[in-house]
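Visitor: coordinates only, sequence not included:
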């Protein structure tokens with residue numbers, strides 16, 4: 001592969017990561033400002049790249065959603081937790097309200 005192609009691919013990767021980072025930051029701000037807190041049940045929790053990835057099942061307006069979130073602590077399968085969701089996108093990004101980030105208090 002030529003040096004020009006490698007450089008172009010590298011630039012595309014950096015731009016992609018920046019766009020994703022900005023999008024996630026905006027979604028988090030939207031959740032903090034406009035989200036609603038609901039109860040959820042932990043379906044899975046595993047450690048990956050220095051954070052706890054947590055799959056949560058939640059009930060919102062009569063429907064069950066399964067969402068993935070990041071937690072600062074490990075939860076056991078079956079634990080009840082509070083999460084913040086966007087009412088217009090309940091199967092989108094969630095924020096987990098845990099001991100370090102009590103967003104639902």
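Guide: Yep, that arrived. Keep in mind the model is a prediction, meaning the values are calculated, not measured.

Visitor: flag the shaky bits of the chain, pLDDT-wise.
Guide: 17-25, 98-102, 105 (pLDDT under 70).

Visitor: now do the strands in it.
Guide: Secondary structure of the chain (DSSP state E): strands at 36-48, 51-60, 63-71, 80-85, 95-97.

Visitor: give me the contacts around the third one.
Guide: Spelled out, that is strand 63-71. Here strand 63-71 makes contact (C-beta atoms under 8 Å, 6 or more residues apart in numbering) with 40, 43, 45, 51-59, 83, 85, 90-96, 98. (C-beta placed from N, C-alpha, C; glycine too.)

Visitor: what angle do it and strand 36-48 make?
Guide: Orientation of strand 63-71 against strand 36-48 (axes from the mean of the first three to the mean of the last three C-alpha atoms, to 10 degrees) gives an angle of 50 degrees.

Visitor: return the set of buried residues in strand 63-71.
Guide: Judged by neighbour count using 16 or more other C-beta atoms under 10 Å, the buried positions of strand 63-71 are 65, 67, 69, 70, 71.

Visitor: for the longest one, same thing?
Guide: Taking 16+ other C-beta under 10 Å as the neighbour-count basis, strand 36-48 is seen to contain the buried residues 38, 40, 41, 42, 43, 45.

Visitor: now the residue lying closest to residue 84 once chain neighbours are set aside. Its backbone dihedrals?
Guide: Among residues not flanking residue 84 along the chain, residue 35 sits closest, at 3.9 Å (C-beta to C-beta, 6 or more residues apart in numbering). Dihedral pair for residue 35: phi -80, psi 160, per degrees, to the nearest 10.

Visitor: verify the contact between residue 35 and residue 88 for me.
Guide: No - at 10.3 Å, residue 35 does not count as touching residue 88 under the criterion of C-beta atoms under 8 Å.

Visitor: between those two, who's got more neighbours?
Guide: Between residue 35 and residue 88, residue 35 has the larger neighbour count (other C-beta atoms under 10 Å), namely 21 against 8.

Visitor: what domains does the record give for the chain?
Guide: Split into domains by automatic domain parsing, the chain comes to 1-34, 35-105.

Visitor: and the ones you listed, which is most packed in?
Guide: Neighbour counts (mean count of other C-beta atoms under 10 Å) averaged over each of the domains of the chain peak at domain 35-105, with a mean of 15.
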